[in-house]
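In: missing the sequence, but the structure's below:
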């Protein structure tokens, strides 16, 4: 018996999030599909370990999971076997043996997310599966200024909630920046990369929604900064749509 660490990528469009639901749902979950594939390989566990749950419609390039399995072949063979049982929207990117004490969530020291958006008055069906279409056009310099205010340790209570009632809302953001995203036929497309020691529930999507409001002149930098200082009443409960968000990497 050995513990394996797996890097997982998935298109979250048709899934009810990563985490297996307590109640039966018409939409599958990534966790449920992976556990089903593992059982076909003789896995006897109750549930896999994972770095974090992603919401319905959110994607991942670098989700990390771990499980114990009696496997007599190389890790590469395990990767191929799992991918043979997983749907096209889910793929194991890498497999390796790890310490039996490894936990992908509790031992993580950072996570990196990416959010993509583009400005267009007209629907763009080939882009909107993985990005948020916004209009009117945003002023990216103002959004970049807002991103710089996020850096460091702040109380992000205005932008999300902890996973437990007693959890802290303090988080340390290590990097945050908007960059051009090149896409044919789109004049104004941007991606927001953010890395922090941990994230609150909905934190990235609320931050993006607030920065878009700044870029469109509906929110000021002063109001945004006030929210980072605990003035939760200045923000509306706006939430950027899920399809623009991807979990890129978990750091250890």
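Out: That came through, no problem. None of these values were measured; they are calculated from a predicted model.

In: and the strands in the stretch 151-252 of the chain?
Out: Along the stretch 151-252 of the chain, counting by DSSP state E, counting those that start in this stretch, strands occupy 152-155, 170-180, 189-196, 245-251.

In: what strands line up against the first one, and which way round?
Out: On the basis of DSSP bridges, the sheet neighbours of strand 152-155 come out as strand 170-180 (antiparallel).

In: can you list contacts of the strand it pairs with?
Out: Strand 170-180 has contacts (C-beta atoms under 8 Å, 6 or more residues apart in numbering) with 110, 140, 143-144, 147-148, 150-156, 189-200, 203, 211. Where you see a C-beta, it was placed from the backbone N, CA and C, and this is true even at glycine.

In: quick check: which element contains the residue of the chain most remote from its centre?
Out: Centroid-distance maximum for the chain: residue 72 at 33.1 Å, with C-alpha atoms, centre = their mean. Here residue 72, judged by DSSP states H and E, is contained in no helix and no strand.

In: would you mind measuring from it to residue 86?
Out: For residue 72, the distance to residue 86 equals 21 Å [C-beta to C-beta, to the nearest Å].

In: go on, residue 249?
Out: 20 Å.

In: count the neighbours of the closest residue to residue 28 other than its chain neighbours for me.
Out: Spatially, and ignoring its direct neighbours in sequence, residue 28 is nearest to residue 15 (5.9 Å; C-beta to C-beta, 6 or more residues apart in numbering). Close neighbours of residue 15, defined as other C-beta atoms under 10 Å, add up to 25.

In: residue 110 now?
Out: 17.

In: which ones are touching it?
Out: 174, 195-197, 250-251.

In: quick one: which of these is nearest to residue 117?
Out: residue 195 (18.6 Å; C-beta to C-beta).

In: tell me where the stretch 101-250 of the chain has helices.
Out: 140-150, 203-215, 221-228 (DSSP state H, counting those that start in this stretch).

In: out of those, flag the one nearest residue 36.
Out: That would be helix 203-215 among those, by C-beta to C-beta, at 28.6 Å.

In: packing partners of that closest one?
Out: Where contact means 3 or more C-beta pairs under 8 Å, 6 or more residues apart in numbering; DSSP states H and E, helix 203-215 is packed against strand 110-119, helix 140-150, strand 189-196, helix 221-228, strand 245-251.

In: not counting that helix itself, show me its contacts.
Out: Against helix 203-215 from outside (C-beta under 8 Å, 6+ apart): 113, 115, 117, 132, 134, 138-140, 142-143, 146-147, 150, 156, 158-160, 171, 178, 192, 194, 219-221, 224, 227, 235-236, 238-242, 244-245.

In: how far off strand 189-196 does that helix point, in degrees?
Out: Counting by axes from the mean of the first three to the mean of the last three C-alpha atoms, to 10 degrees, helix 203-215 lies at 130 degrees to strand 189-196.

In: and the average pLDDT for helix 203-215 is what?
Out: Per-residue pLDDT over helix 203-215 has a mean of 97.

In: now do it: distance to the chain's middle.
Out: Helix 203-215 sits 15 Å away from the centroid of its parent chain (C-alpha atoms, centre = their mean, to the nearest Å).

In: ok, stretch 43-61 next?
Out: The answer for stretch 43-61 is 11 Å, by C-alpha atoms, centre = their mean.

In: now stretch 31-41
Out: 22 Å.

In: buried sites along that stretch?
Out: Within stretch 31-41, the residues that qualify as buried are 31-35, 37-38, counting by 16 or more other C-beta atoms under 10 Å.

In: same thing with stretch 12-20?
Out: Buried residues in stretch 12-20 (16+ other C-beta under 10 Å): 12, 15-20.

In: so among these, where is pLDDT lowest?
Out: residue 20 (90).

In: residue 31 is in contact with that residue, correct?
Out: Yes. The pair residue 20 / residue 31 is scored as a contact, 4.4 Å apart, by C-beta atoms under 8 Å.
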